[in-house]
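Novice: any chance you could fold what I've pasted below:
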Amino acid sequence: MKKLIAAIGVFVVALVAGPALSDAGGWVVVSLDAAPVFRAGEPVDVGFTVLRHGVTPETSDDLAIVLTDSTGAEHRFAAEPQGAVGHHVAAIDVPAAGGYTWRISGERVEFDLGSAAVLGPETPGVTWTWDVAQWGALAVAVAMGGFAGRVTLTSRRNRMTSAAAGA
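Specialist: All right, here's what the predicted structure looks like:
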């Protein structure tokens, strides 16, 4: 009877611990080369490095960047190994503007990258307004600095003149 209970105990432990052990050590760290700016209809290359256990470069031919839109539709972009071991690049061309979640997915890699906003196509002629605003702000700052400098010099000169007249 004791042998039967011991055998059942070992069986239960194996049943519970087996799946947990099969996933042990499967974590990865993914670092992006740069934070991409997504625009609808404009392809952008996204480079990233995958490190198994945060140390060992992981190269895989089945990696992809998956963007999921608000309706749950997935847009999958294959990533190709490129450059150093563990480095991959995916060409992403999202068809529509909006909010997305994105992740890196593969047979042995699943890494959530959070949310991404895909902007609409750039409107021609709009970008110049930022340059005008920046130059305008700089001109105002320089004028105010010049005025403050003049006031400071004038007040010093007046104090020196007053001190010389009093002596």
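Novice: list the buried ones in stretch 44-54?
Specialist: Neighbour-count burial for stretch 44-54 flags 46, 47, 48, 49, 50, 52 (criterion: 16 or more other CB atoms under 10 Å). For the C-beta atoms, the positions are set from N, CA and C on the backbone; glycine is no exception.
Novice: ok, and the closest non-adjacent residue to the last one?
Specialist: Take residue 52 and drop its neighbours on the chain: the residue closest to it by CB to CB, 6 or more residues apart in numbering is residue 58, 4.5 Å away.
Novice: can you check the second one too?
Specialist: Counting by CB to CB, 6+ apart, the nearest residue to residue 47 once its immediate chain neighbours are dropped is residue 33, at 3.7 Å.
Novice: contacts only, for the residue nearest to residue 52.
Specialist: Residue 58 sits next to 28, 50, 51, 52, 86, 108, 109 when contact means CB atoms under 8 Å, 6 or more residues apart in numbering.
Novice: how close does it get to residue 29?
Specialist: Going from residue 58 to residue 29 by CB to CB, to the nearest Å gives 9 Å.
Novice: give the intersection of the neighbour lists for the two.
Specialist: The contact sets of residue 58 and residue 29 overlap at 50, 51 (CB under 8 Å, 6+ apart).
Novice: ok, so of the buried residues of stretch 44-54, who is nearest residue 94?
Specialist: Using CB to CB, residue 46 comes nearest to residue 94 of the buried residues of stretch 44-54, at 11.2 Å.
Novice: phi, psi for the closest one please.
Specialist: Main-chain torsions, residue 46, degrees, to the nearest 10: phi -110, psi 120.
Novice: same deal with residue 73?
Specialist: Phi and psi for residue 73, reported as degrees, to the nearest 10, are phi -70, psi 140.
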